[in-house]
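Student: dropping a prediction and its sequence here:
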Amino acid sequence: MANIALFSTDVFSLPESLQEAVEHGEVFTRAWVVELILDLLGYTADKDLCDLRLVEPACGGGAFLTIVTSRISASCHAHQRSITDALDAVRAFDLLGRNVEQSRALITRTLQEEGWEPKDARTVAAAWVRQGDYLLQSDAEHRADYVVGNPPYIRLEDVPDDRMAAYRRACSTMGGRADIYIGFYEVALRSLNRGGQLGFICADRWMRNQYGRRLRQLVTKQFSMDLALVMHDVDAFDEQVSAYPAITLISNKPQGAAVAADTNRSFGAEQARDFADWYLEGEPPTVTTDSYQAARMPHWFPEEDSWPAASPARLAVLEDLTERFRPLEDTETGTKVGIGIATGADKIFLTKDMDLVEEDRLLPMAMVRDTTSGTIDWDGTHLVNPWTASGDLVDLDAYPRLASYFEAHSEALCKRYVAVKQPQRWYKTIDKVDHKLTRRQKLLFPDMKLRIHPVLDQGRLYPHHNLYFIVSDVWDMRVLGGLLLSKVAEAFVEAYAVKMRGGTLRFQAQYLRKIRVPDPAAISESDQAALAEAFDKRDVEAATEAALRVYGLSELPD
């Protein structure tokens, strides 16, 4: 069970609205899920658990603690120790007094049923469970070999302002519209002893959303992401919640091997035991059953801006390619990814009227609609261009027709933020024009598309801001175009990109930069020819077949 822990003092008194928020965040975890997490962590009775410290940040009614208690009891029997030797083996926190009492009662009953004296059982239960705010406890209370649990599902904006401010001060990763659980991850990770492990079942949105970026950065730089077991459709809780849960295991050690795994709704207690056996045995590198699939990787993904989402087998391939190949954007090849020009007033700056202003003030523009067929089919759109070749704004006195046109639209142009900020430059576009870009060969990518869609401009047009572009000093752009047309390249974007309604992908610069590519000089002449031909013919299958050879892959898993 998870419960929110909020700002607290020695006397616990919650406003009614806050009490409701706390209770709203309670989610009861099924016993077999708790067993799975503890098994995966190696928190088992064959170890002398009295000498290890386990912390549960928000214990709720005791779902985790009941099973932890049984394991410690069995460990004490196996190692011929008194249960009172385990007084420091557990620290559990909860804000609500009723949850503290319920958890203590469960611990007491469990220990008595397993043969321990009632007095000792009560003493242990009182020592283990504390009423308090985990996020604001002292470091001494936090130090742990294991931190386990199900952190709360409460949006930070649902917390009163003073408490929100306290959490933000205590937890540097809780930026933006973060969920409370971000803070629980941070405090738990920072509390781990060297080699210590965290095992949470929690929403996995932090692995990709913007508000999780600081937490991803913390994990990437200081910890080892050991396991991400996605359980979105699994009946993991005693009530139905739309929480997108995943079990994550993170260790306080340098990044080592990692496992990506996914499940379906048939994943239950029996399948969990099978998965734990596979995970702990270390072989084979991949496993696929009717209920789950998983793959071992030599490392987790090294960047913190976003972690990919895909099947375990595909994640393993992407991690391998990330390890073996260089990013698409690369100074060594002079390959750059960029976005076209934003004007701030397209209705004014874009035109098809060749007589509107002076001829040299019209710059041919590539629009998304020009790329639909896979080759440039230009519709004649021009930019009314206020920029000189040197990057300065033109002198309107030298261009009377341009000056007259801008003056006619001055009211609208001056209302733009960019003009308010720089009133003397009121007729500028948001972005400058890089005139050298027009003359360069470039691959253009529409922002939104169901499939990756590189289109070659031979050096005639300047891209609009709904188009992303790639230029290179080294690549043959038809060969690169064939590589980027392939399903291998698309797999990178699909794994990282935000998906829109209907499965539409965003082919933005940050996602295109995720693509890994080989050294152009390492591609054989025959594969170069195959990629170029596939690009010319818009043949995705042929491009993919050649790309698989180039990347040294036998297949691209679904």
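Tutor: Great, that's in hand. Numbers count the residues shown, from 1 in each chain.
Student: any idea how far Q217 is from T173?
Tutor: Distance of T173 to Q217, given as C-beta to C-beta, to the nearest Å: 8 Å. The way it works is simple: take the backbone N, C-alpha and C, and place the C-beta from them, glycine included.
Student: with S524 instead?
Tutor: Here S524 is placed at a distance of 39 Å from Q217 (C-beta to C-beta).
Student: those two - which one has more neighbours?
Tutor: Counting neighbours by other C-beta atoms under 10 Å for S524 and for Q217 shows that Q217 has the greater number, 14 against 11.
Student: who's in contact with that one?
Tutor: Contacts for Q217 (C-beta atoms under 8 Å, 6 or more residues apart in numbering) come out as T173, E304.
Student: next, it: phi, psi?
Tutor: For Q217, the backbone dihedrals are phi -60, psi -40 (criterion: degrees, to the nearest 10).
Student: same question, L227
Tutor: The phi/psi pair for L227 (degrees, to the nearest 10) reads phi -150, psi 140.
Student: what about it, neighbour count?
Tutor: Counted with other C-beta under 10 Å, L227 comes out at 22.
Student: and what of D162?
Tutor: D162 has 8 nearby residues by other C-beta under 10 Å.
Student: same check on P302?
Tutor: By other C-beta under 10 Å, the residues close to P302 number 11.
Student: from F301, how far out is the nearest residue to it once chain neighbours are set aside?
Tutor: Nearest residue to P302, sequence neighbours excluded (C-beta to C-beta, 6 or more residues apart in numbering): T220, at 6.6 Å. Between T220 and F301 the computed distance is 8 Å (C-beta to C-beta).
Student: of these two, which one has the most company?
Tutor: Neighbour totals were compared for T220 and F301, and F301 leads with 24 against 18 (other C-beta under 10 Å).
Student: now do the more buried one against I182, distance only.
Tutor: Per C-beta to C-beta, F301 is found 19 Å from I182.
Student: please apply the same query to A398.
Tutor: Counting by C-beta to C-beta - A398 and I182 are separated by 56 Å.
Student: which of those two has more neighbours?
Tutor: I182 (25 against 10).
Student: Three-state assignment for the more buried one, please.
Tutor: Secondary structure, DSSP: H, G, I helix; E, B strand; the rest coil: I182 is helix.
Student: tell me who's in contact with it.
Tutor: Contacts for I182 (C-beta under 8 Å, 6+ apart) come out as C171, T173, M174, W206, Y211, G212, R214, L215.
Student: format the residues you listed as JSON lines; extra columns: secondary structure, distance to D305 and pLDDT.
Tutor: Listed next are the contacts of I182 as JSON lines, based on DSSP: H, G, I helix; E, B strand; the rest coil; distance: C-beta to C-beta, whole Å; pLDDT from 0 to 100:
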{"residue": "C171", "secondary structure": "coil", "distance to D305": "20", "pLDDT": "89"}
{"residue": "T173", "secondary structure": "coil", "distance to D305": "14", "pLDDT": "91"}
{"residue": "M174", "secondary structure": "coil", "distance to D305": "18", "pLDDT": "87"}
{"residue": "W206", "secondary structure": "helix", "distance to D305": "13", "pLDDT": "90"}
{"residue": "Y211", "secondary structure": "helix", "distance to D305": "13", "pLDDT": "86"}
{"residue": "G212", "secondary structure": "helix", "distance to D305": "10", "pLDDT": "89"}
{"residue": "R214", "secondary structure": "helix", "distance to D305": "11", "pLDDT": "93"}
{"residue": "L215", "secondary structure": "helix", "distance to D305": "12", "pLDDT": "94"}
